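Student: what's the 3D shape of this:
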Amino acid sequence: MEREEEKHYQALKDMFRTEGWKVLMDELRNNAIQINSVEVTKDNKDLHFRKGQLNILAFMLNMESTVEHYVEDSNDSV
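Tutor: Model (predicted):
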């Protein structure tokens, strides 16, 4: 892994350790539960909108794990 890339991933890892990140993840998990309910979905357009929201939430909620795996894989291949 190149130096700039190392700095980038270290900054992300530092962010994951903050209290603010933990609060954000809790908020996103709570929002995902509400957004994932199709009971209040009005129509097909709303359903696709919710699907997009869930896609973004999944990206954010899995970001820490994704970064950890990428860094581990990068270190293993060196």
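
Student: can you map out the helices along the chain?
Tutor: For the chain, the helices defined by DSSP state H occupy 3-16, 19-35, 44-76.

Student: possible to save those as a markdown table with mean neighbour count and mean pLDDT?
Tutor: Where C-beta positions appear, they are placed from N, C-alpha and C, glycine not excepted. Below are these laid out as a markdown table (neighbours: other C-beta atoms under 10 Å; pLDDT from 0 to 100):
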| stretch | mean neighbour count | mean pLDDT |
| --- | --- | --- |
| helix 3-16 | 12 | 94 |
| helix 19-35 | 12 | 94 |
| helix 44-76 | 12 | 93 |
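
Student: please name the nearest non-neighbouring residue to residue 31.
Tutor: The shortest distance from residue 31 to any residue other than its chain neighbours is 6.6 Å, reached at residue 57 (C-beta to C-beta, 6 or more residues apart in numbering).

Student: how close does the one you found get to residue 63?
Tutor: Distance, residue 57 to residue 63, using C-beta to C-beta, to the nearest Å: 11 Å.

Student: without its sequence neighbours, what residue ends up closest to the most centrally placed residue in the chain?
Tutor: Nearest residue to the geometric centre of the chain (C-alpha atoms, centre = their mean): residue 60, 1.5 Å. With C-beta to C-beta, 6+ apart as the criterion, residue 60 has its nearest non-adjacent residue at 5.6 Å, and that residue is residue 28.

Student: swap in residue 70?
Tutor: Nearest to residue 70 is residue 9, by C-beta to C-beta, 6+ apart, at 7.3 Å.

Student: right, and the one you found touches residue 73 too?
Tutor: No: at 11.6 Å, residue 9 does not count as touching residue 73 under the criterion of C-beta atoms under 8 Å.

Student: one step back: show me what contacts the residue nearest to the centre of the chain?
Tutor: Going by C-beta atoms under 8 Å, 6 or more residues apart in numbering, residue 60 touches 24, 25, 28.

Student: dump the residue contacts of the last one.
Tutor: Counting by C-beta under 8 Å, 6+ apart, residue 28 makes contact with 57, 60, 61.

Student: same question, the second one
Tutor: For residue 25, the contacting residues are 60, 61, taking C-beta under 8 Å, 6+ apart as the criterion.
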